[in-house]
Each structure stands twice: as structure tokens, then as C-alpha cells.
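[1] one predicted model, sequence on top.
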Protein chains: 2
Amino acid sequence: MLITLIGAGNVATHLGQALKGHGHTIGQVYSRTYEAAQQLADILEAEAVANPGSINDGADVYLCALKDDVLESVLNGLTLLDPLVVHTSGSLPLSVLSTCSTRFGVLYPLQTFSKTKVVDLSKVPFFIEASDNRTFTLLTDLASQLSRIVQPLDSDDRAELHVAAVFACNFVNHLYGLADDIMQRRNLPFEHLLPLIDETASKVHELKPAEAQTGPAVRYDTSIISKHLDRLAIDPGQAAVYRCLTDSIFTRIKHT
Amino acid sequence: MLITLIGAGNVATHLGQALKGHGHTIGQVYSRTYEAAQQLADILEAEAVANPGSINDGADVYLCALKDDVLESVLNGLTLLDPLVVHTSGSLPLSVLSTCSTRFGVLYPLQTFSKTKVVDLSKVPFFIEASDNRTFTLLTDLASQLSRIVQPLDSDDRAELHVAAVFACNFVNHLYGLADDIMQRRNLPFEHLLPLIDETASKVHELKPAEAQTGPAVRYDTSIISKHLDRLAIDPGQAAVYRCLTDSIFTRIKHT
């Protein structure tokens, strides 16, 4: 297929490389920043464009991997004849695409992408939604080339899944960051925590998170908790997070 | 070596099995609950005891893996002749052992242990502290049989490391639990999140957590954040955690 990438960020970079790797042609790469478009276009042997009006007709799919609040204005700038437009957002409903075409869909990869980190897309769940059955089948076939896990999901459930993903990924990574800050205060290497981080992730493959919970809060060990809060007094922000999550663990135990 | 296990919880279970696996003999297993002592003693071909006064002289190491607030009373109940007493706590200083012996130490495995989940101890960092050089060498040699990563660490740094571990493990697992709750509201399987959870852990092997951060908060995408808070209004506790961690991400960006 001939695919036009609208966006040149982390998601566009990973999907573009994977699609090219599976034999598809990336014709054009659009980004508001020409340098970003050029950089990704070079990798994908495509043409870089920095103006939505310069995006050509004729691609089989126009794949939009943009920040949510940018998507609408870019879509308004398109001058294409009934394109198949697809977005990759967890939060935006399918219906945001209905103003610019009669054929549209969503292809949502549930993963965290950073430009420099290689990701094995074959294990990433892709969630599909489409305006019509033909488009649904086309997107399911396309996603199935990239991943073994491809499922239908409507806009409302996808938005809820995205909230869960913020807890399981973005907030988790931030806690790694706070742990890193604490280690740095003592010149302790963050690497010491990696086996613990890996095992914590590994455990929930076998146990439910509630069964896997360990530590002072789930034991209601108020003596350790108060010692920890004393140590965190040096950073009120860290202490606030400690208090908030400890309270949340207490509440969850009471309700289960 | 002849080792007596004082405690029959998750840490005692994993260390006891590993020590036996490396050719050591577990003589006795103590727990306040006789059933717990009996269960672990059966696995380790040891004798179960439920009274500290029934713990025999003659073991090379008395390894205490107890809840912090229980340790002191159990130590007071010991009637042993200058035993080598070792605890495994992240939070308790070495000095808590000074009342019951002249030779004592700490052997702290930085890992989360649940009884039913197998752990590869060879990758778990063990941190050692001791009353004297001979004990330090003995504990370092013992830990080196179990793990490739054995390091000295004093009580104060160990306590700080334990705080970091609460963030990187206990709080992280609780976020997995909240994500599970959100998924369950929509009958979405938790398994969908596992590739994301694994990749989030995997990324910080290559990138610093601050570099790996993705999601609406780090992009300051207040439109998505407010939609997420609307969805979480159904559970004020979840909303409070969302708000607290989003604020913490905002603060950390400002300071870096």
C-alpha cells in the first residue's frame, strides 16, 4: 500500500518504520516542523512536507499520528478527495474524522514509544475502529501484519483503556523517576533497582496486582511509613506522592 | 552451614529454599504461627518451632526474616549463647541486633517476594552490613552463593534505598492494581496492558526515567487530562491519585 504519514513524532516514527519494513511504501511525511518531517522522510525514503495543503491525493491510507489538540487543525488544512484517514489516538473518538472524509478509522497501538528505543510491535495490542466494514477489514489486515494482537474496540472503551494505560505506564515511569531522584541523593546507582522493577512487572503476568502487593502500606506497617515520611521531608512533593499512594493502598484493601 | 530461619514469610521462604538449594542445612524454622513454621519446615526438611525459647544453640547463622515490629520481641525471647544473628530488613538499622549478641549483620535482598512466584535470586542485589570484618566476609560469601550482585551498604543508605524501592515496586504495583480496576469496569482484560507494562520497565534499562516519560502530563496536554478526570469522577480515590501524580510530573518537569 501507499501510505502517507501525517505526523513525525514517536508513534509516526515507529509505525512508519514497521510499515516500510513490511513492504509498504511511505509516499509523504507531514510535520508542522519541516526538519522533523525531513528527518523521518529520510529514514523512510519519502518526501517531507510541512503544509497540509501539499499532501497529495492517491495514497491508500493517510495515517495521522499527531497530538490530539493538533489533529483537528491539520485535518481542516487537507485538500484531498475522499481520503481514507486514520488516527492513532487513545483519547479521540472515531467521529473527529467524519468532517474530512466518508471513510475513516482508528488504529490504536497500546504501547509507549520513545524515538531511540526499539519496540517489538508483534507483541503490541492494536485496537481498531472504522466507519464501515470495508475499512475495518483493511485496517485489521494492516495491523495484523505488524502485530499478533489485533482487536476491535469502540471509542468509549478505547478512552477508558487509555486512562488505565496512563496509570500502568506514564505514572509508573514517573515513580521510577522519583525513585531515581531518591537514589541520586545518596549517589546510589539506579541500576540497583532494575531487578526489582523487572520482577514487579513480571509478577503481574502470574498474579493479580492485588495478590502481588507487598511493602509497608499493604502490611499497614505505620512505623515504617512514618520513618519513610520523615526521610522524605526533604522533598515535600515526594512526600505528598508517598502519602497519596499509601492512602490509596489502605482504601483498596478495605474495599477488597 | 547450619542455618536457623527465624520467620516463615515470603522472604524466609525464598531465602530458605535458595540456601538449602546451595547445600546448606536448615535446622529449625521459627514462626509465631506454628502452622506457618511447620509448612516451611516441611519444605526445608527442618524442625518447626513456635517459641523463641525453643530455638537451639549451635547454628552457624540465625537468619531473621520477620516484620520489623515483631523482630525486637522475638530477639528478646532468644536464649542463645552469642549467636550470629542476621536480619533482612531494609528499614531497620544494624544496631537493633546489638542487644542480643556480639556478632550480627544484615543481609538485605532488594526484591519483592510473594510465596507462589519463583524468583531468580542470582540477579537480585544483596546488601551487606556487619558488626565486624569476619562477619562481613562470612555474609558476603554466603550472599555470593545466591547472587552475582553483593555490595556493602550502611544502615542509613539502606533505609533510603528501601524508600526508593517502595516507589519503584510497591507503589508501581498498586498503580497496576488501579489500572486493573479501571479495565474491570469495562470488562477489558488486564492482559491487554502487559506488553505496555513490560515495555515501561524495559525502557528504563536504556533510558533515564525522565527521558522515557510519555503521556498527557509530560506533554502538558490539559485537554486529555481533564477528560480523564471526568471519567475518573466515578471513583474519587482514583481521581485523587491521578491528580497527585499529574501534579508531581508537572513539578518534576519544571525542576529539570
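    Received it, and whenever you're ready, just let me know what you need.
[2] any idea of the mean pLDDT in the longest helix seen in chain A?
    Counting residues, the longest helix found in chain A (DSSP state H) is helix A:236-254. Average pLDDT, helix A:236-254: 94.
[3] buried sites along the lowest-mean-pLDDT helix or strand in chain A?
    Least confident helix or strand of chain A, by mean pLDDT, DSSP states H and E, is helix A:68-77 with a mean of 91. Under the neighbour-count criterion of 16 or more other C-beta atoms under 10 Å in any protein chain shown, helix A:68-77 has A:68, A:71, A:74-75 buried. The way it works is simple: take the backbone N, C-alpha and C, and place the C-beta from them, glycine included.
[4] show me what it is packed against.
    In terms of contacts (3 or more C-beta pairs under 8 Å, 6 or more residues apart in numbering or on different chains; DSSP states H and E), helix A:68-77 is packed against strand A:61-64, helix B:222-232.
[5] 10 Å - rerun?
    strand A:2-6, strand A:61-64, strand A:84-87, helix B:222-232 (3 or more C-beta pairs under 10 Å, 6 or more residues apart in numbering or on different chains; DSSP states H and E).
[6] show me what the first one packs onto, helices and strands only.
    Using 3+ C-beta pairs under 10 Å, 6+ apart, the elements in contact with strand A:2-6 are helix A:10-21, strand A:25-30, helix A:34-44, strand A:47-49, strand A:61-64, helix A:68-77, strand A:84-87.
[7] what residues of the first one count as buried?
    Right, the one you point to is helix A:10-21. A:10-20.
[8] list the contacts of the least confident helix or strand of chain A.
    In this structure, residues lying in contact with helix A:68-77 by C-beta atoms under 10 Å, 6 or more residues apart in numbering or on different chains are A:6-7, A:9, A:30-32, A:51-55, A:62, A:64-67, A:85, A:87-92, A:96-97, A:99-101, A:104, B:216, B:219, B:221-224, B:227.
[9] and the residues you listed, which are buried?
    A:6-7, A:9, A:30-32, A:52, A:55, A:62, A:64-67, A:85, A:87-92, A:96-97, A:100-101, A:104, B:216, B:219, B:221, B:224, B:227.
[10] just put the helices and strands packed on helix A:68-77 in a markdown table and tack on distance to B:Tyr108 and mean pLDDT.
    Shown next, in a markdown table, are the helices and strands packed on helix A:68-77 (distance: least, C-beta to C-beta, whole Å; pLDDT from 0 to 100):
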| stretch | distance to B:Tyr108 | mean pLDDT |
| --- | --- | --- |
| strand A:2-6 | 50 | 98 |
| strand A:61-64 | 50 | 98 |
| strand A:84-87 | 49 | 98 |
| helix B:222-232 | 37 | 94 |
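[11] I'd like the buried residues of helix A:10-21 as TSV, with distance to A:Ala36 and pLDDT appended.
    Conversion of these to TSV gives the following (distance: C-beta to C-beta, whole Å; pLDDT from 0 to 100):
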residue	distance to A:Ala36	pLDDT
A:Asn10	11	93
A:Val11	13	95
A:Ala12	9	97
A:Thr13	10	96
A:His14	14	96
A:Leu15	15	97
A:Gly16	12	97
A:Gln17	15	97
A:Ala18	19	97
A:Leu19	18	98
A:Lys20	17	97
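[12] of the residues you listed, which ones also sit close to chain B?
    Contacts with chain B are made by A:10-11 out of these, judged by C-beta under 10 Å from any C-beta of the partner chain.
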